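Undergrad: can you look at this prediction? I've put the sequence above it.
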Amino acid sequence: MQIGLEGDVNLQFLMKGGELTKVKSNSWQKKRFYKLQEDCETMWHDSDKIFNKSNTFSINDIDSVRQGRGSEGLQRYTDDSLGECCFSIVFKGKRKNLDLVANSSEEAKQWVAGLEKVIAHMDNLNSQQKREQYPSAEVRQCCTRNSLVFSVEMNRAWIISCMRKADKNGDNMMTLKELKHFLHQINIEVDDTYAAALFERCDTSKSGTLEGEEIKHFYELLTDREEINVIYGRYAQTEGHMSAADLLDFLTTEQKESRSLDDVKDLIDKYEPDETAKQKKRMTKDGFLRYLSQPEGSILNPAHQPLYQDMSQPLNHYFISSSHNTYLMEDQLKGPSSTEAYIRQAGRQADRQTGRQTRRHAGRQTGRREDGKTGRRADGKTVRQAGRQTGRQTSRREDGQTRRQADTQAGRQADTQADKQAGRQADRQTGRREDGKTGRRALLKSCRCVELDVWDGPNGEPLIYHGHTLTSKVLFKDVIKAIKEYAFKASEYPVILSLENHCTVEQQKLMAHHMTSILGSALLTHPLGNEMSTALPSPQDLKGRILVKGKRLNKLDAAFNNNNAVDIDDVVSEEDEAAEVKEEDPKTKAKNSKIKLAQELSDLVIYCKSVHFNSFEHSKEKQAFYEMASFKESKAKHFADNAASAFVHHNMDKLSRVYPAGSRTDSSNYNPVPMWNAGCQIVALNFQTRCKQMDLNQGRFLPNGKCGYILKPEFMRNPEFRFDPNNPSMGPWLKKKALHIMTDLKDESVCFNPTWNKNFKFTINVPELAIVRFVVEDYDAASANDFIGQYTLPFTSMQYGYRHIPLLTQSGDVIPSAGLFVHIMALDD
């Protein structure tokens, strides 16, 4: 049983197990017995299949547990009266949700509470593996895990767990065969000769097995960090240890941190495992490594992890995390639509390489650099290095424009056959959702602007899907319910619903009804304050509120005059994105496409009224502060390339949305960096596709509590500045830096902790816009390199000195027990 959970009532309930009804469809609902196995890491269930070998799943594979009829399957296939008995297990990766019904509401609560407790405990253990070289004091005193039982003063929980699994017969000894199995488990690929030599080196008793101190020696050989030995030896000037003064010298000289002697003593008290050294206010090498593996030693500045920016500026002064075609789980031609996509976005390519590569490389704590080609200028070009070493690491800087054309993905829209099937498939396909390779979440990942593409549905109920294609359909009201439940779980700041309305007036009225009745007081239906403002409210003002972006029939002033009567015709132009689709489809091409707009829906559009963009001059003279335009990626890129300064100024007091080209039928993405550099706030990306562009988006919104809002630099908010991202030659934004990333240790290609003796230097002109991306790839001479992991963050959120960098899979999950160790300096150039 896991340490810290002994005697827990909910845990005992899980280990005893019980009968649950597994729900797949109306006709497939079967009783299954589920229980938590003794390792507290695996769930087991019975099965009717005679040769079923997959009747277990790991707690680590669970993303979350949802109580109630929260999934589409339970909503579709169970009765409302069973709501309190239902719960769903949501898995990471591509696995479908597991929808279950307990015998009573009390049992359902116990299942959910128990699973959440075990998941949280496993997350804590995994976080410990990621952040600490060593486990807690209790584990250090004696590590006992059913099989391999030995006292080790310092150890790593993950390694010990793998040792336990390798000890097949549980005799607390390791044979050569078991050692080979263990090395395979921790992703070290060695030939039989090397394995035998390592075994013989540790088998000092010549017994043919490793036990006790021999296993400890074997462990120490694996976990030795030569680079740490060198760094520690350089600063440990007090009887072989670091005194408080020595540690302060290290923090000041290498880490560029401003610390007092009292701060340093607090670090020693916090991280030093040796009580004698702690009493003398000294830090041993073990304590030093433990410190480096904690958040204080991470590349991400701990001060930037919580909410730290001013959230009282107007809404248009922030970059806003935004999703395009949020309802889609996969591509835009025949992929499934789902309410699930608004909760957690699918990653079509998330498991393409990471499964195989993670198994191969997950145990490697690397310090890799590559001797690659340095790419492009720091004021707006992509910096990329392409190394040619096995398991190479690439460091890329994305702080500006790219010369690549945005519209490179060719594709055609499917014909209108989908419309003929809408009625037959509407209800049936709302249950199709989790088949997609899920891995990325929208609202739960703090996405603050989601898109709803709404069409007329059967029985008068509007539907959401990608029009004129074979994508499946989901009810509009179900999506609104999902948004209501999950909008503010990850961030309390406002959510914008970007409506692409294709409905008739009657169904528009029903859309308005669903939003007002379901969202209730969270829906913003009236401007803030008692009189008309001249600027947008702030994220702070709009905390917990949901805004609607769409067409409006009259001016916003009418809301204060108690006069909602339409002062123009009830016909408006279509959204720019919808019009673009029609222009590209000869079957539906029409001039000045218009739609009728229901007054009820119009009145819900407050601060995000959609208007067509004519010119920057026209917008400055005619466009109200609450009116905003949407730009196709190619148009936005044209302005970013050729009129960047004017674009920046336009975005100082207006909101702008950028969306992918309609030709991206595969749901690929454009480079968001040039759009951010031009000040565009709502840069919408296909969250369902894991790619470099989504890594950049994740990195952009990593700081500030991951709230989905990042304050733009002052020179992009103050009209007195004339910032041009393509020519940042003069101005307060020009803070030229020389970024040095280096390793200066041993060069080995096959070992547990490989490092390369490589140094790199990049020039950065505008640090406040720069984004740094670290990528690890496995070199393949015959084909494209295999992706292993990456980490992306803003340049201004980096810490200098010796830092650990976690590695993320393509789906955004941290690879346990793997990362980079680098030395970073940024000098005035």
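TA: In hand now; what should we look at? Numbering: from 1, shown residues only.

Undergrad: which strand runs longest in this structure?
TA: What stands out as the longest strand in the chain, according to DSSP state E, is strand 814-828.

Undergrad: which residue ranges of the stretch 651-800 of the chain form helices?
TA: Ranges of helices in the stretch 651-800 of the chain, per DSSP state H, counting those that start in this stretch, are 673-677, 692-700.

Undergrad: who are the packing partners of the longest one?
TA: Same thing as helix 692-700. Other helices and strands packing on helix 692-700, by 3 or more C-beta pairs under 8 Å, 6 or more residues apart in numbering; DSSP states H and E, are strand 318-323, strand 682-685, strand 771-778, strand 786-794. Bear in mind the C-beta positions are built from the backbone N, C-alpha and C, glycine included.

Undergrad: quick check: which of these is buried the most?
TA: Most buried of these, by mean neighbour count (mean count of other C-beta atoms under 10 Å): strand 682-685, with a mean of 29.

Undergrad: and that one, how far out from the chain middle?
TA: Centre-to-centre, strand 682-685 and its host chain are 15 Å apart (C-alpha atoms, centre = their mean, to the nearest Å).

Undergrad: show me what contacts the closest residue to Leu542 other than its chain neighbours?
TA: Once flanking residues are discounted, Leu542 sits nearest to Pro494: 3.9 Å by C-beta to C-beta, 6 or more residues apart in numbering. The contact partners of Pro494, by C-beta atoms under 8 Å, 6 or more residues apart in numbering, come to Leu315, Arg448, Leu524, Pro539, Leu542, Lys543, Gly544, Arg545, Ile546, Leu547.

Undergrad: quick check: the third one vs Leu536, distance?
TA: This means Leu524. Distance of Leu524 to Leu536, given as C-beta to C-beta, to the nearest Å: 12 Å.

Undergrad: need the residues touching each of those two.
TA: Shared contacts of Leu524 and Leu536, counting by C-beta under 8 Å, 6+ apart, come down to Tyr607.

Undergrad: quick one on the thing from earlier: adding distance to Trp676 and mean pLDDT, write the helices and strands packed on helix 692-700 out as CSV.
TA: Shown next, in CSV, are those (distance: least, C-beta to C-beta, whole Å; pLDDT from 0 to 100):
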stretch, distance to Trp676, mean pLDDT
strand 318-323, 6, 95
strand 682-685, 6, 94
strand 771-778, 9, 90
strand 786-794, 11, 92
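
Undergrad: ok, which of those comes nearest Thr21?
TA: Ranking the helices and strands packed on helix 692-700 by proximity to Thr21 (C-beta to C-beta) places strand 318-323 first, at 34.2 Å.

Undergrad: how much distance is there from that closest one to the middle of the chain?
TA: Counting by C-alpha atoms, centre = their mean, strand 318-323 comes out at 14 Å from the chain centroid.

Undergrad: give me the element Asn169 is part of.
TA: Assigned by DSSP states H and E, Asn169 belongs to no helix or strand.

Undergrad: buried subset of the contacts of Pro494?
TA: Leu315, Arg448, Leu524, Pro539, Leu542, Arg545, Ile546, Leu547 (16 or more other C-beta atoms under 10 Å).

Undergrad: strands - which of those land there?
TA: The strands, defined by DSSP E, take in Ile546, Leu547 from these.

Undergrad: now, among the buried ones among the contacts of Pro494, which is nearest to Val775?
TA: Closest approach between the buried ones among the contacts of Pro494 and Val775, by C-beta to C-beta: Arg448, at 26.9 Å.

Undergrad: that closest one and Phe182, how far apart?
TA: Separation of Arg448 from Phe182 (C-beta to C-beta): 46 Å.

Undergrad: give the contact list for Ser797.
TA: By C-beta under 8 Å, 6+ apart, Ser797 lies in contact with Leu300, Asn301, His304, Leu702, Pro703.

Undergrad: got a markdown table for the helices and strands packed on helix 692-700, with distance to Thr175 too?
TA: Converted to a markdown table, the helices and strands packed on helix 692-700 look like this (distance: least, C-beta to C-beta, whole Å):
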| stretch | distance to Thr175 |
| --- | --- |
| strand 318-323 | 52 |
| strand 682-685 | 52 |
| strand 771-778 | 31 |
| strand 786-794 | 31 |
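
Undergrad: the longest helix seen in the chain packs against which elements?
TA: Selection of the longest helix in the chain by residue count, based on DSSP state H, yields helix 105-131. Judged by 3+ C-beta pairs under 8 Å, 6+ apart, helix 105-131 is in contact with helix 9-16, strand 18-23, strand 62-67, strand 86-91, helix 157-166, strand 814-828.

Undergrad: how far off centre is the very next helix or strand once past the fourth one?
TA: Sequence-wise, the next helix or strand beyond strand 86-91 is strand 98-101, with elements assigned using DSSP H and E. Strand 98-101 sits 26 Å away from the centroid of its parent chain (C-alpha atoms, centre = their mean).

Undergrad: helices or strands up against strand 98-101?
TA: So strand 98-101, by 3+ C-beta pairs under 8 Å, 6+ apart, packs with strand 18-23, helix 72-77, strand 86-91.

Undergrad: so what touches it?
TA: Contacts to strand 98-101, defined as C-beta under 8 Å, 6+ apart, come from residues 20-24, 29, 34, 71, 73-74, 77-78, 82, 85-89, 91, 108, 111.

Undergrad: pairing partners for it, with directions?
TA: strand 18-23 (antiparallel), strand 86-91 (antiparallel) (DSSP bridges).

Undergrad: circling back: so which of the buried ones among the contacts of Pro494 is the closest to Met283?
TA: Pro539 (41.7 Å).

Undergrad: residue contacts, that closest one?
TA: Contacts of Pro539 by C-beta under 8 Å, 6+ apart are Met311, Leu315, Tyr318, Tyr493, Pro494, Cys707, Tyr709.

Undergrad: give me the buried subset of the contacts of Ser797.
TA: Among these, those classed as buried by 16+ other C-beta under 10 Å are Leu300, Asn301, His304, Leu702, Pro703.

Undergrad: just to revisit the earlier point, could the buried ones among the contacts of Pro494 go into JSON lines alongside distance to Arg773 and pLDDT?
TA: Output for the buried ones among the contacts of Pro494, formatted as JSON lines (distance: C-beta to C-beta, whole Å; pLDDT from 0 to 100):
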{"residue": "Leu315", "distance to Arg773": "28", "pLDDT": "97"}
{"residue": "Arg448", "distance to Arg773": "23", "pLDDT": "95"}
{"residue": "Leu524", "distance to Arg773": "36", "pLDDT": "97"}
{"residue": "Pro539", "distance to Arg773": "27", "pLDDT": "97"}
{"residue": "Leu542", "distance to Arg773": "31", "pLDDT": "97"}
{"residue": "Arg545", "distance to Arg773": "33", "pLDDT": "97"}
{"residue": "Ile546", "distance to Arg773": "32", "pLDDT": "97"}
{"residue": "Leu547", "distance to Arg773": "31", "pLDDT": "97"}
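
Undergrad: in TSV, list the buried ones among the contacts of Pro494 along with distance to Leu793.
TA: Formatted as TSV, the buried ones among the contacts of Pro494 follow (distance: C-beta to C-beta, whole Å):
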residue	distance to Leu793
Leu315	24
Arg448	19
Leu524	32
Pro539	21
Leu542	27
Arg545	29
Ile546	29
Leu547	29
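
Undergrad: appreciated, that's everything.
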